[in-house]
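Enquirer: Sharing a model prediction with you, sequence too.
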Amino acid sequence: MKKYYPPIRTLHLYIGLFVSPFVLIFSISVLVLNHTDFVNSINPVKHLPVVKTRLDKIPYDSTDLQTAKGIIQKLGIKGEIDFISQNDDHISFPVTLPGIRTKIEVDKHTNDVLITREEEGALRATNYLHKMPGPHNTKLRGNAAFMKNWRVLADMVVYLLLFLSASGIFLWYFLKAERKLGWLAIVFGATIFTGLLLFILG
């Protein structure tokens, strides 16, 4: 087993460096989620000027998603489309890029478009990346190229973190000088985890 120690140590080091920016994003986003009042006080949402325009013919006979994609393509807006609302008179939906949220409302009779935008900032952008892709609205999720790529990256980071955990235990096993302290750390972590789990279930 010792012959695997050098390559695993190298992989552990460089994979750890590779995933560290993603871990930072997830870590910062948890703080943003837990301290929304503080984030709002230091970085309030900025409401950008409302834009009114008119489009030419829009393919309303297509699916909701294709119609929404056609609209943002004509408007030159990029982002992830979410929660499309449509009736005989209007179609509306948000379009999100990390840090900027756009709401589009279209009058289906006149093709008049109302565009409202909010600049949410970098901190809320990490919040968005943390939650997306998620289990909500899965029929629409991943309709933007950046979200498709982020979904793949998020999965890859999870697998790499599992490898880092396993390889960390493997490397620790061969560091005899750290054996006792390592056991204490494992027991301490397992005790806290079990306590929290019992608290939640209780």
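Expert: Perfect, thanks for sending it.
Enquirer: Helices of the protein, residue ranges please.
Expert: 5-34, 36-42, 64-75, 122-131, 145-174, 179-201 (DSSP state H).
Enquirer: Tell me which of those sits nearest to residue 104.
Expert: Among these, helix 64-75 comes nearest to residue 104, with 6.4 Å by Cβ to Cβ. For glycine as for every other residue, the C-beta is placed from the backbone atoms N, C-alpha and C.
Enquirer: one step back: go through the helices of the chain and pick out the most buried.
Expert: helix 122-131 (a mean of 18; mean count of other Cβ atoms under 10 Å).
Enquirer: so that helix versus helix 5-34, what angle?
Expert: 120 degrees (axes from the mean of the first three to the mean of the last three Cα atoms, to 10 degrees).
Enquirer: Give me the domain ranges for the chain.
Expert: With domains defined by automatic domain parsing, the chain comprises 2-38+151-201, 44-120.
Enquirer: need the contact list for the most centrally placed residue in the chain.
Expert: Centroid-nearest residue in the chain: residue 129, 1.9 Å away (criterion: Cα atoms, centre = their mean). Residue 129 makes contacts with 25, 29, 98, 150, as judged by Cβ atoms under 8 Å, 6 or more residues apart in numbering.
Enquirer: The second one reaches residue 132, doesn't it?
Expert: No - with contact defined as Cβ atoms under 8 Å, residue 29 does not count as touching residue 132 (10.7 Å).
Enquirer: Next up, the contacts around the residue lying closest to residue 8 once chain neighbours are set aside.
Expert: In this structure, residue 8 finds its nearest non-sequential neighbour in residue 167, 5.1 Å apart by Cβ to Cβ, 6 or more residues apart in numbering. Under the criterion of Cβ under 8 Å, 6+ apart, the neighbours of residue 167 are 8, 11, 12.
Enquirer: shaky segments in this protein?
Expert: 135-138, 202 (pLDDT under 70).
Enquirer: if we go to 80?
Expert: 1-2, 59, 61, 133-141, 175-179, 202 (pLDDT under 80).
Enquirer: Quick one: neighbours of the nearest residue to residue 118 once chain neighbours are set aside, just the number.
Expert: Using Cβ to Cβ, 6+ apart and skipping residues adjacent in sequence, the residue nearest residue 118 is residue 101, 4.7 Å away. Look at residue 101: counted by other Cβ atoms under 10 Å, it has 19 neighbours.
Enquirer: Residue 50 is nearest to which of the helices of the chain?
Expert: Smallest distance to residue 50 across those (Cβ to Cβ): 13.8 Å, for helix 64-75.
Enquirer: Which strands and helices lie in contact with that closest one?
Expert: Other helices and strands packing on helix 64-75, by 3 or more Cβ pairs under 8 Å, 6 or more residues apart in numbering; DSSP states H and E, are strand 80-81, strand 90-97, strand 100-107, strand 112-119.
Enquirer: now for the last one, which elements pack on it?
Expert: Contact partners of strand 112-119 among helices and strands, from 3+ Cβ pairs under 8 Å, 6+ apart: strand 46-47, strand 51-54, helix 64-75, strand 100-107.
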